[in-house]
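Colleague: prediction below, plus the sequence it came from.
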Amino acid sequence: MLQEMSRLKIKVLSVSALLAFSFVVNGGDNPSSRFYGGTVLMAEVKPVSTVDAPEVSNVSKYAVAPDLGSDVAFALVVVTLDSGRSLSSFDYVLSDGSSEYPCVAISDTDGVYDASSWEKKTTIPGKKYQMLFKVRLPSLGEPKYKLKFKLRSGAGRDPDLPFVNVGDKSFTLASKVPDGGMLGVDPYAPNPKVETKQSKDSASKKAESKPSGGKDAKKKKKKRGAKKPKEDPKKAAERAKWEEMLKRSLNKGD
């Protein structure tokens, strides 16, 4: 019995360690995912029917577009590449398990897609590159596609990517994607500001450093510089009489 409990404890610890390792690798709050050539930082989709859908220039007249039906969308994948890696629009496809979708264009400039510029023989580590695909949206659930490396099947680095459907809104610009990644993060989701202890302390310090002002300060100034009220004539006469009598008594003592 004790042996079984200790084995169960080891399994639980192993799973916890694996989850913690996965959290660190994926970037925690800014998740990312490793693929064959580098790291995926972002994955978003939007219907092709939207007003600001991407435009691809210099598409070959001999290119045959696959019939994807009515629910067609652009899928944008933003990546950084490992040192020495090249990138081609023929290297990768997205797969939903039943179909594969080729890359339409690659780019290293925000929102600019040129089909004739299909290869980046030399890439810069840390620079963000865009891969644009045309895919069929799933009828149910959130869109999820596998990024497959076509030139070497079974490489073991074909990640399943959770795509965020931004609808009629714009794709996130590659230059605005955090270095740590934002895979699976909706850029248009409400993000309420959380007031931390540090922000409270800084706010109280600012309040203390502000010069005093307002009505209370004006009242204090008025009190400090206010004139003494005039004494009643009768009381003044009585006070003067008592002062005179006091002087006389003091003189007699001398």
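Modeller: The structure has been received and is ready for your questions. In this text the structure is predicted, and so the values were computed from the model without any measurement.
Colleague: residue 189 versus residue 135, what's the distance?
Modeller: Note on residue 135: its distance to residue 189, by Cβ to Cβ, to the nearest Å, is 22 Å. For every residue, glycine as well, the C-beta is placed using N, CA and C.
Colleague: who has more neighbours out of the two?
Modeller: Per other Cβ atoms under 10 Å, whichever of residue 135 and residue 189 has more neighbours is residue 135, with 24 against 7.
Colleague: tell me what the more buried one is bridged to.
Modeller: Counting by DSSP bridges, residue 135 forms beta bridges with residue 73.
Colleague: give me phi/psi at the spatially closest residue to residue 110 that is not a sequence neighbour?
Modeller: Spatial nearest neighbour of residue 110, chain neighbours left out: residue 173 (4.5 Å); criterion: Cβ to Cβ, 6 or more residues apart in numbering. Dihedral pair for residue 173: phi -60, psi 140, per degrees, to the nearest 10.
Colleague: shouldn't residue 173 be in contact with residue 111?
Modeller: Yes. If you go by Cβ atoms under 8 Å, residue 173 and residue 111 touch, sitting 6.9 Å apart.
Colleague: mind listing what the closest residue to residue 184 other than its chain neighbours touches?
Modeller: Distance criterion Cβ to Cβ, 6+ apart; nearest residue to residue 184, sequence neighbours excluded, is residue 162 at 4.2 Å. Listed by Cβ atoms under 8 Å, 6 or more residues apart in numbering, the contact set of residue 162 reads 43, 142, 144, 183, 184.
Colleague: what of residue 186?
Modeller: Going by Cβ under 8 Å, 6+ apart, residue 186 touches 164, 166.
Colleague: and the helix or strand residue 245 falls within, what does it pack against?
Modeller: Taking DSSP states H and E as the criterion, residue 245 maps to helix 233-253. The helices and strands touching helix 233-253, judged by 3 or more Cβ pairs under 8 Å, 6 or more residues apart in numbering; DSSP states H and E, number zero.
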